[in-house]
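1. Got a predicted model here, sequence first, then my questions.
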Amino acid sequence: MNWLKHPVFTRFSGLCLIGIVALALAMGYTLSSLLTRAVSEWEWQNTAALVRREVEREGLQRIFTEPGGSEARQRSGRVLAATITSLPEVVRAKVWNRESEILWSDQANLIGQRFPGNAELQRALAGSVEVEIKRLAKSEQHYERPAFGILAEIYVPIVGRDGRVLGVVEVYKTPDRLLNTIRWSRTVIWAISLAGGAMLYLVLLPLFMQVYRRQVEEEMLRQHAARLEQQVEHRTQQFMQAQKMQALGLLAGGIAHDFNNMLTVIFGRAQVLLDRLPHDARARGDADAIGEAAERAAALTRQLLAFSRQQRLERRTLDLNTAIVDMAKMLRRLIGENIGVVTTLARTAGWVNADRAQLEQVILNLAVNARDAMPDGGQLTLATDNVDSDGRGGGHLPAALPAGRWVEFIVSDTGVGMEPATQARIFEPFFTTKRIGEGTGLGLSTVYGIVEQHDGHIVVESAPGHGTTFRVYLPQVGEPAPEARPAPSMPRTGSETILVAEDDPAVRALASDMLREHGYTVLTAGNGEEALEVAERYRGPIHLLLTDVMMPRMNGLQLTGPFAAVRAHARVLYMTGYAEMPPVPDGALVQKPFTVFTLMDAVRRTLERPERTEHLVSPD
């Protein structure tokens, strides 16, 4: 059946063939009709001219003007009939006067009768040649049936010298020759029309196919251009949304960094105060309250940092299914008895490299958001799945999801749902649909920041009255990481000399007091240049440089190179409120806000390294 694939047999070529055949038929019909009319008209007019010529040549007009008696009429009629029937194919003749009376006929019983109702006769008396072709079925023509099947009755008006119609000669003629000529002419015309149509089809088909293909290509290009325009518009909206989220993230990150410095002082001073107070002092309750408030403020800062993707993560390889099962137990108590919690987990473990605390924060925030969307109760579904993406999207996979293996985490509710306008803003910080005092507007923005910080993707599907489904995609990994080392029960002490470089006076004073109270000798500097001056001026050994990363004039990363040139055997420990920074040797970094335990442990680990590694140098 491969021949059906030839261009001649395509649907378009079939339509072209039908059109050309219809055109050929119409042309054949028109030409045959015109030819039939022209040939017939010529035949009848030629017969009329011959009849008039014979009547005029024999002077037989007298039969109309001087009819005389019956004998004279019959004599003139026989002469006229003999003259007319001598013409080709003429078999009979009748003579009519202007009163529609038959003056002569080979049927004697008709002579003298009038037929005023003969329409063809009346039109002939008016001056036109009339023709009526009939099959011989009338009683007056029974005797002619054995000889003739069809006769043409031609009414020829005879005109006198004055231009007036004298009468009519009715001629009976056999049209067999004319009909045969017309039949053969039609056959030739139809054959020529169909052959010409076939040739026209074969000649024009390539042109038609080319035009058709061009039209199809143009239509496909228009559709493709429309799809591209929609995609560009969608990607433009996504880009604008990403830029807006990035700008908000930078703002949130800057606020959180400054807030971290203040929280470091508040939390640290509360701990110092607790260490200095007796165990039975009434002020210990106030110090504890200050520390708890600082801890809650630190949690808010972590949310802002998570949104801005600047929170420092403590990633571990963990099974997402295990984390969800553990969280589901807590969620059943948290979200209320009127909401059922259903877990639908993948059969195989979904290993991801993630900060478990942040991952639990994502689950908790999405669950709380689902609970608020179901005030009258409903069902919360937690599901996981391992998916492979080809980078083209499709189905539930977002178009922006890169190719690779992913662990899909789904949180679905049967709540009130959201309209598109709300969906477009749900990840904005401080945006909330709740009443004043019922929400901070940071829940979903925190989820967005945590997912982005884990190199993941999050999408939402919702419609009013049909619930909401959040889909989180995290990169799938292969093997778990070792467990974290537990923190010591008491702060570690020492006796080395430490240079503290910090531009914030309160943080600098806090770190210095913590170090002194745990046995260290402390030198202080307000920026990088001042730290270099202290290092050059101080005569004793300096074992450790504790420096803030972000400082004016010379930051901590730029300080380490010149400092290493002056104090070659000193270690370097960084402290920062940011997380997005280059890796430091042996992880020598302490995150703000820090506790006494955290700072003392980081100092001891840095000082106890067997060899000093190369310091990190920031490019100018």
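-> Arrived safely. As the structure is a computational prediction, the values presented were derived from the model and not from experiment.

2. Report how many residues lie close to residue 608.
-> 10 (other CB atoms under 10 Å). (Glycine included, C-beta is placed from N, CA and C.)

3. Who are the contact partners of it?
-> Residue 608 is in contact with no residue at all, counting by CB atoms under 8 Å, 6 or more residues apart in numbering.

4. longest single strand anywhere in the chain?
-> Determined from DSSP state E, the single longest strand within the chain is strand 378-389.

5. May I have that strand exported as CSV, CA atoms only?
-> C-alpha atoms of strand 378-389 as CSV (Å, rounded to 0.1, in the frame of the first residue of the first chain):
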residue,chain,number,x,y,z
GLY,A,378,-11.4,17.6,55.7
GLN,A,379,-8.4,15.4,54.7
LEU,A,380,-4.7,16.2,54.5
THR,A,381,-2.7,13.9,52.3
LEU,A,382,1.1,13.5,52.5
ALA,A,383,2.6,11.6,49.6
THR,A,384,5.9,10.8,48.1
ASP,A,385,7.1,9.5,44.8
ASN,A,386,10.4,9.0,42.8
VAL,A,387,10.1,10.6,39.4
ASP,A,388,12.4,10.9,36.4
SER,A,389,12.3,14.2,34.5
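
6. What strands flank it, and is each parallel or antiparallel?
-> Strand 378-389 has its sheet partners listed here by DSSP bridges as strand 339-344 (parallel), strand 404-413 (antiparallel).

7. Tell me the buried residues in that strand?
-> Neighbour-count burial for strand 378-389, counted by 16 or more other CB atoms under 10 Å, picks out 378, 380, 381, 382, 383, 384, 385, 386, 387, 389.

8. what's the closest of these to residue 497?
-> Lowest distance from residue 497 to the buried residues of strand 378-389 (CB to CB) belongs to residue 384, with 52.6 Å.

9. That closest one contacts residue 323, correct?
-> No - Residue 384 lies out of contact with residue 323 (CB atoms under 8 Å); the separation is 9.7 Å.

10. thinking again about what came up before, figure out which of the strands paired with strand 378-389 is closest to residue 282.
-> Evaluated over the strands paired with strand 378-389, closeness to residue 282 peaks at strand 339-344, with 43.8 Å, by CB to CB.

11. quick one: buried residues of the closest one?
-> 339, 341.

12. who's in contact with that strand?
-> Here strand 339-344 has contacts from 324-325, 328, 331-332, 335, 370-371, 374, 377-384, using CB under 8 Å, 6+ apart.

13. helices or strands next to the next helix or strand after that strand in the packing?
-> Next helix or strand after strand 339-344 toward the C-terminus (DSSP states H and E): strand 351-354. Secondary-structure packing of strand 351-354 (3 or more CB pairs under 8 Å, 6 or more residues apart in numbering; DSSP states H and E): strand 316-319, helix 320-334, strand 468-475.

14. which residues in the stretch 451-600 of the chain form strands?
-> With strands called from DSSP state E, counting those that start in this stretch, the stretch 451-600 of the chain shows them at 457-462, 468-475, 497-501, 521-525, 544-548, 571-576, 589-591.

15. Near residue 107, how many other residues are there?
-> The burial count for residue 107: 13, using other CB under 10 Å.

16. Show me the helices in the stretch 401-550 of the chain, by range?
-> Taking DSSP state H, counting those that start in this stretch, the helices of the stretch 401-550 of the chain run over residues 420-423, 443-453, 505-517, 528-537.

17. Same list, those helices, but as a markdown table with mean pLDDT, distance to residue 20 and mean neighbour count please.
-> As requested, the helices of the stretch 401-550 of the chain are arranged in a markdown table below (pLDDT from 0 to 100; distance: least, CB to CB, whole Å; neighbours: other CB atoms under 10 Å):
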| stretch | mean pLDDT | distance to residue 20 | mean neighbour count |
| --- | --- | --- | --- |
| helix 420-423 | 82 | 53 | 12 |
| helix 443-453 | 83 | 64 | 25 |
| helix 505-517 | 89 | 91 | 19 |
| helix 528-537 | 92 | 89 | 17 |
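
18. where in the stretch 51-200 of the chain is pLDDT low?
-> 67-70, 72-73, 136-149 (pLDDT under 70).
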